[in-house]
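K.L.:
I would like the atomic coordinates for the input below:
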Amino acid sequence: MSDKPDQANAEKLVAGMVSRDGFSAWLGIEIVEVRPGACTVRLKVRRDMLNGFGMCHGGIPYSIADSALAFASNTHGTVTVSIENTISYPAPVSEGDILTAVAAEESAGNRIAFYRVTVTNQADVTVGLFRGTVYRTKKILEPAQ
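P.N.:
Below is the predicted model of the structure:
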């Protein structure tokens, strides 16, 4: 058996995660693409996602990036969890913006892996630059049936 997960298995693993993920559902996250070690997701910024200044709360770009990271890092078939994440906000986000987060594995060892997630709006303006470090447990992740 290969160490590399195949495309169909990666899709089943993410589908299983999505079916159990109430927070991503509340955010309105849509899965755009899944590949082993990568995932693209999208959401529309709603009024209830705005802060007291009428701009999108920074937790929203962070959260879409974190969800993309979670889905991408778990395509390898073991339960993988974040241990450290950072984000920069190079441009503001407004109500009605469509955010797309693209997560991709940069490097990985047996237990620790590093991911970069870029969050853009509908005009392809970068609104979030996220770096995630994850820990791969020994627990097997069950795919969707």
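K.L.:
Buried residues, the longest helix along the chain. List them.
P.N.:
The longest helix of the chain (DSSP state H) is helix 59-73. Across helix 59-73, burial judged by 16 or more other CB atoms under 10 Å covers 60-73. Glycine gets a C-beta too; all of them are placed from N, C-alpha and C.
K.L.:
again with stretch 103-113
P.N.:
103-105, 108, 113.
K.L.:
burial count for residue 97?
P.N.:
20 (other CB atoms under 10 Å).
K.L.:
Is it in contact with residue 120, as I believe?
P.N.:
No - counting by CB atoms under 8 Å, residue 97 does not reach residue 120; the two are 9.7 Å apart.
K.L.:
tally of neighbours for residue 19?
P.N.:
10.
K.L.:
May I ask you to confirm that it is in contact with residue 31?
P.N.:
No - shown here, residue 19 and residue 31 do not form a contact pair, counting by CB under 8 Å, at 11.2 Å.
K.L.:
If you count contacts, what does whichever strand or helix holds residue 34 end up packed against?
P.N.:
Using DSSP states H and E, residue 34 falls within strand 30-35. Secondary-structure packing of strand 30-35 (3 or more CB pairs under 8 Å, 6 or more residues apart in numbering; DSSP states H and E): helix 7-19, strand 38-44, helix 59-73.
K.L.:
What pairs with it, parallel or antiparallel?
P.N.:
strand 38-44 (antiparallel) (DSSP bridges).
K.L.:
Quick check: residue 142 touching residue 15?
P.N.:
No - with contact defined as CB under 8 Å, residue 142 does not reach residue 15; the gap is 11.0 Å.
K.L.:
rewinding a little: anything in contact with each of residue 97 and residue 120?
P.N.:
Listed contacts common to residue 97 and residue 120 are residue 127; contacts here mean CB atoms under 8 Å, 6 or more residues apart in numbering.
K.L.:
what stretches of the protein score poorly on pLDDT?
P.N.:
By pLDDT under 70, the low-scoring segments of the chain are 1-5, 145.
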